[in-house]
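Engineer: Structure here, sequence nowhere to be found:
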């Protein structure tokens, strides 16, 4: 977002020993701790953070054959898209549609990131994390991670520092084309849906929406999707459809329905390109709030608050912010 102030103290965590040393120091000085990955899904107050920022820079990728599949251990500081590029190059399927997502790999299980028909929880075998309180390391299997839509144990209980994740991937010649946008891309291009072609297609689609980091694209100066797609009960869908029959809703496994946050924003009267001073909605994607130049964190949360209020007033649905907010908060509903 290109907003936010300085860290009071800052440590580059490039080893397990450095992490333990930093945590011991924070405990002894009673410092607040903020864990930082790539910073791509973060809005920090312009006064900064009056505590210790742990920048997770643990690197490494190891593979191990298990039967016909491959277990891939990824250190938390690895740039996530670089990991996806390597895995696709190795002919391993299951993550190709996650191409182009910025940030560090350790954030993937925290957020349970997903895009274009895939979620990281589908291929996570285990996650290793260190307790901020005790400094002890614990390995969580997939069930213990308690994944749900854009959520996990680690997001709900942020005293865990993710240090690595292990993915279980199978070789595949072809990629996942279950998502409508990807299907359209290949219908138009007529090219085979190989793993590398699907990765290239996802990158192209994301780029068309300014959803890849590009210093030459001012519309990419944001956190990607600022709100998660709401998951609502059937009675909410019935109420919405009574007034707005064309509201898109997608069934989920638990009998609830997923709404499109972008659709709700646009149909609440906030079109793409709407400006709120130095912040605005991307002209390419209504769900992206971008820094138009010279904005501060309060400008960002003000714009997000206006968007959330207008959607609630129109549809009675509360949008939940996707980025982590540090020192700032949206206006109460």
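Structural biologist: Received, thanks. All values reported here derive from a predicted model rather than from experimental measurement.

Engineer: Residue nearest the middle of the chain, spatially speaking?
Structural biologist: residue 113 (4.9 Å; Cα atoms, centre = their mean).

Engineer: list the contacts for that one?
Structural biologist: 80, 98, 101, 107, 119-120, 150 (Cβ atoms under 8 Å, 6 or more residues apart in numbering). Using the backbone N, CA and C atoms, a C-beta is placed for each residue, glycine as well.

Engineer: Not counting sequence-adjacent ones, nearest residue to residue 205?
Structural biologist: Among residues not flanking residue 205 along the chain, residue 181 sits closest, at 5.3 Å (Cβ to Cβ, 6 or more residues apart in numbering).

Engineer: Check which helix or strand the one you found maps to.
Structural biologist: Assigned by DSSP states H and E, residue 181 belongs to helix 180-189.

Engineer: Give the buried residues for that helix.
Structural biologist: 181-182, 185-186 (16 or more other Cβ atoms under 10 Å).

Engineer: next one: the next helix-or-strand element following it to chain centre, how far?
Structural biologist: Downstream of helix 180-189, the next assigned helix or strand under DSSP H and E is helix 195-208. From the chain centre to the centre of helix 195-208 is a distance of 18 Å (Cα atoms, centre = their mean, to the nearest Å).

Engineer: which neighbours does the helix or strand following helix 195-208 have in its sheet, and in what orientation?
Structural biologist: Sequence order places strand 222-225 as the next helix or strand after helix 195-208, per DSSP H and E. Strand pairing for strand 222-225, determined by DSSP bridges: strand 285-291 (antiparallel).

Engineer: and the contacts of residue 113, which of them are in strands?
Structural biologist: Among these, the members falling in strands are residue 119 (criterion: DSSP state E).

Engineer: quick revisit: can I assume the residue nearest to residue 205 is in contact with residue 116?
Structural biologist: Yes. Counting by Cβ atoms under 8 Å, residue 181 does reach residue 116; the two are 6.6 Å apart.

Engineer: between these two, what contacts are shared?
Structural biologist: residue 205.

Engineer: Surely residue 186 is in contact with residue 178?
Structural biologist: No. Using Cβ under 8 Å, residue 186 makes no contact with residue 178, being 11.6 Å away.
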